[in-house]
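Asker: Could you look at this predicted model? Sequence included:
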Amino acid sequence: MLNFLKLRGSYGLTGSSNIFPYQSKSFYGRYGNYLGATGQSPSNLPNPDLSWQQTIQTDLSVEFGLLNNRVSGTLSVYQNQSSKILLDRPVPASATGYLPVVTINTGDVRVRDRGIELSLNTRNLTGPFTWTTDFNISHNNNVVTSAGGILPDGFGAAEGDTRVIEGYATGISYLPIYAGVDPTTGKELIYDLAGSKILATATSVPLNRVAAGHPFPNYYGGITNTLTYKGVDLNFLFSFSQGAQIYDDGAKRQIGGFINQWQQRVEVLDRWQKPGDITNVPKATLVDGSGNWNNTTRWLYDASYLRLRTATIGYTIPVALTQRFKVNSLRLFAQGQNLLLFTPYKGWDPETTRYYNNNARDNKANSQGNIAFAAPYLPNPQARTITFGINMTL
Amino acid sequence: MKKITLWLAAALLTAAAGGCNTFLDPAPVDRQPGENFLNTSANVETVLISSYDALQDKKFYGGQVQRVGALYGDDFDISNNNGGDFLSRQFSIFNGLGDDLWKGGYTAIFRANIVLKAVNDNSAPAATAADNTRRKGEALFIRALAHFELVRFFALPYTADPSKPGVVLRLTPANTQEAVQPQARASVGEVYAQVIADLQQAVQLLTPTAAVGRASKLSAQALLARVYFNQADYTNAFTASDQAIGTAAAANVTLGTADSAGVVAPFRTVGSVQAPGTLFLMVNTAADDNTNDVRNLFYSSFGPATFPVLTTPGSAYALFEPGDVRQRYLFSADPGDPGNLIPTSLKFQGGDPVNVPVIRLPELYLTRAEARVQKGSFTPADVRADLNAVRTAAGLPANTTAASSADLLTAIRKERRVELLTENDRFHELRRLRSANIRGRAYDDSSALLKIPASETSANTLIVQN
């Protein structure tokens, strides 16, 4: 019954120095001019103690084949433990005024990834009618095990209010908890740190932020089925993800924020309109700075989905027929991408991530943009594509 | 032949070994290494220049100082737009104006501290004693000026309680280890004491006058008078303003004439030209113009200004007397244009770069006049002489009647308010005089203040927030 079994494991320590050069040394650069003379001042805070970032990777896998390899698969567990992480440590603005970060690696900041992955390939039917299934599912648990005493706002204010916070996943949102709309005034409420409802204002919002959201899914994977019968072949791939939350960074402007400038989403129809209205959408107002579209957990959405990512149907014309025309093989096919999507997510696409700004390293204050993967801002949704084709071999 | 090959091999090996370091560790071509940078006198001077540049920047005297001064005070209509947190009196730690001021001020301070350390360490042996003295004086002046503006914008006034948190005092150029260390806010009293100590030293080091746009003994004395006056320390404010006026007279710095040219000159001069009555100013030129913000905040040729002048009873604008050339040339909307009825400040006005005055002589006269009254035992004629110097330059008749201290103070304060309108004075005056109502908040209410910005608090755990 068991006809193939392989156990493999690995343990490794890898170093990484993927940062810009010269950060250990001090330099002067041009800064402005005055009275016709050029100004120069330090262009960085040097860090002579820089060293490698370390990652200890451990993994263990079982590969197996059952029932004459009708069923085969791999089960893996792994752990990646990163330490001495190279990162931009914030510098109080009063220290230099214009050099916001220094690149450091202390042993204090640690991130751990633990996960389990299963892939299964089954040949369900063999013979003239074949049916194979490839299935994989993964779970990964990412947690910042130590932030080295650096405060949530300290790793550079990442876009979309995402942060690195000890005890939470990388890219967790840092937001006040939304407490609905005040039925008498139509204004936005949040919970303060003690748990009472208070008005959301420019002062109260930043002071009552907590770690919120769930940037990574609980599990994700895909299933591919391939069926063939005589000349006909059919292949379709469903992919799925469960449990991730998206901070929809553009939503606040689309639901009441930029009401006189942007197209609005239908949710704005449910807005508070008169005292006594019970709703989750505050009143719409044109008053600038009205504070009715603060960054809160209101914009965190469940981004679970099931998507028919690709489906292909093809027909290969019998060789006996095609060879009469000196053609070795001829296949006609139709392929569709992104044909179906099932999701509770109300934004445009639950599967998009924050654009990654390649120039972010130039603007050091923004260099942590890769933390903001779960906070997309007006991303392009994936296109639905249908392709028809002919494969011909002469 | 064999010998030659050996020699060749040896030569190649040597070359390879020598080149190895530069190959593995190349120096960047777009930056100067920092190790020996300050060993050159000319380089120390460039750091001083960059410190001035930080003051000149739009984050500081190129706009944000005047903007926040207008938003805090009660002389401008801030409801139009850009009032933001100031309208709701709900300040965010992410307020961009607060962030600009904080960073702008500390940038100037950091660079000034580098200059001070270079001079104190004598890092550039070729620098002359005169260079070192001047640089030290200028750097101390810049450090004092920036700390002073910061403590005025981010802390309760000295007249409330000097033991309350001021701002972070930075007196050495931070290296990496020092830079990441949290540092608490010094008390308001400690910040003022440091500012005064720096200025007193600068007064000793600097020459009476200097190139236009650079710190001199005169500018240090004038700033010192302003600092004492803000503390309501009238004895010292009198002495400092008296000395500064004396230095100004010796250097032939005088008030402007009571006409269009004289009134407008301090605000419309460009480049290295000393307009009448300016004691310290930021020089701007077409090639180095940082005034786009300040020029367009109070005046717009396209429509309503961001901050029109309030004209309601009790506002500064309503205090102008008939015939005041300052109102005529610096405030009234164009009388020939009936469509332009909302008065705006024409100081800094225009599409062209302007020099930005930081301290002007009329302020010193009015400081000396008020300090003379406040410190006690005064001769009314002496007080009126200072007041009337300013009034005469504004084309107004001399005040010959005020004699009691109450009448004199009323007249002086009215004059000060209209003279320095748009120049970041009013809010600090209200606080000096312990006003219970500054746009609805008392002078000792820290909720009326900008928050210490997130760029500081996110990395500095010792900050006590406003």
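Answerer: Yep, it's here.

Asker: Measure how buried A:Ser61 is and give me the count.
Answerer: When neighbours are defined as other CB atoms under 10 Å in any protein chain shown, A:Ser61 has 15 of them. Yep, even glycine has a C-beta here, placed from its N, CA and C like the rest.

Asker: Enumerate every residue touching it.
Answerer: Each residue near A:Ser61 by CB atoms under 8 Å, 6 or more residues apart in numbering or on different chains is listed here: A:Leu7, A:Arg8, A:Gly9, A:Thr74, A:Leu75, A:Ser76, A:Val77.

Asker: Direction included, what does the strand or helix carrying the fifth one pair up with?
Answerer: Element membership for A:Leu75 (DSSP states H and E) is strand A:71-83. Counting by DSSP bridges, the strands paired with strand A:71-83 are strand A:53-66 (antiparallel), strand A:109-125 (antiparallel).

Asker: now the ones you listed as CSV including distance to B:Ala459?
Answerer: What follows is these, written out as CSV (distance: least, CB to CB, whole Å):
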stretch, distance to B:Ala459
strand A:53-66, 21
strand A:109-125, 14
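
Asker: how about TSV for those strands, with mean pLDDT and distance to A:Ser94 added?
Answerer: Compiled in TSV, the strands paired with strand A:71-83 are given as follows (pLDDT from 0 to 100; distance: least, CB to CB, whole Å):
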stretch	mean pLDDT	distance to A:Ser94
strand A:53-66	92	29
strand A:109-125	92	23
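
Asker: out of the ones you listed, nearest to B:Phe298?
Answerer: Among these, the nearest to B:Phe298 by CB to CB is strand A:109-125 (47.4 Å).

Asker: which of the residues in the following helix or strand past the closest one are buried?
Answerer: The first helix or strand that comes after strand A:109-125 along the chain, using DSSP H and E, is strand A:129-147. By neighbour count with 16 or more other CB atoms under 10 Å in any protein chain shown, strand A:129-147 contains the buried residues A:131-132, A:135-140, A:142-144, A:146-147.

Asker: residues making contact with whatever helix or strand comes next after strand A:129-147?
Answerer: On the C-terminal side of strand A:129-147, the closest following helix or strand by DSSP H and E is strand A:162-163. Under the criterion CB under 8 Å, 6+ apart, residues A:152-153, A:155, A:171-174, A:211, A:215, A:247, A:371-375 lie in contact with strand A:162-163.

Asker: And for stretch B:373-387?
Answerer: For stretch B:373-387, the external contacting residues (CB under 8 Å, 6+ apart) are B:232, B:234-235, B:238, B:365-366, B:368-369, B:372, B:398-400, B:402-403, B:405, B:408-409, B:411-412, B:415.

Asker: which of those are buried?
Answerer: For the contacts of stretch B:373-387, a burial check counting by 16+ other CB under 10 Å picks out B:232, B:234, B:238, B:365-366, B:368-369, B:372, B:399, B:402, B:405, B:408-409, B:411-412, B:415.

Asker: biggest separation within these, which pair?
Answerer: Using CB to CB, the two most remote members of these are B:Ala232 and B:Asn399, lying 23.6 Å apart.

Asker: would you list the contacts of A:Ser61 in TSV and tack on distance to A:Phe333, pLDDT and neighbour count?
Answerer: Below are the contacts of A:Ser61 laid out as TSV (distance: CB to CB, whole Å; pLDDT from 0 to 100; neighbours: other CB atoms under 10 Å in any protein chain shown):
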residue	distance to A:Phe333	pLDDT	neighbour count
A:Leu7	40	95	9
A:Arg8	37	94	11
A:Gly9	42	95	12
A:Thr74	30	95	16
A:Leu75	34	96	14
A:Ser76	34	96	17
A:Val77	39	96	16
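
Asker: Among these, which one lies nearest to chain B?
Answerer: Set against chain B, the nearest of those by CB to the nearest CB is A:Gly9 (36.0 Å).

Asker: ok but that closest one is inside a strand, no?
Answerer: Yes. Per DSSP: H, G, I helix; E, B strand; the rest coil, A:Gly9 lies within a strand segment.

Asker: quick revisit: tell me the one of the buried residues of strand A:129-147 nearest A:Thr58?
Answerer: When these are ranked by distance to A:Thr58 (CB to CB), A:Asn140 comes first, at 14.3 Å.

Asker: residues contacting the closest one?
Answerer: Counting by CB under 8 Å, 6+ apart, A:Asn140 makes contact with A:Asp113, A:Arg114, A:Gly115, A:Phe216.

Asker: Taking the residues you listed, please make a ChimeraX selection of just the buried ones.
Answerer: Buried members of the contacts of A:Asn140, defined by 16+ other CB under 10 Å, are picked up in ChimeraX with:
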select /A:113,115,216
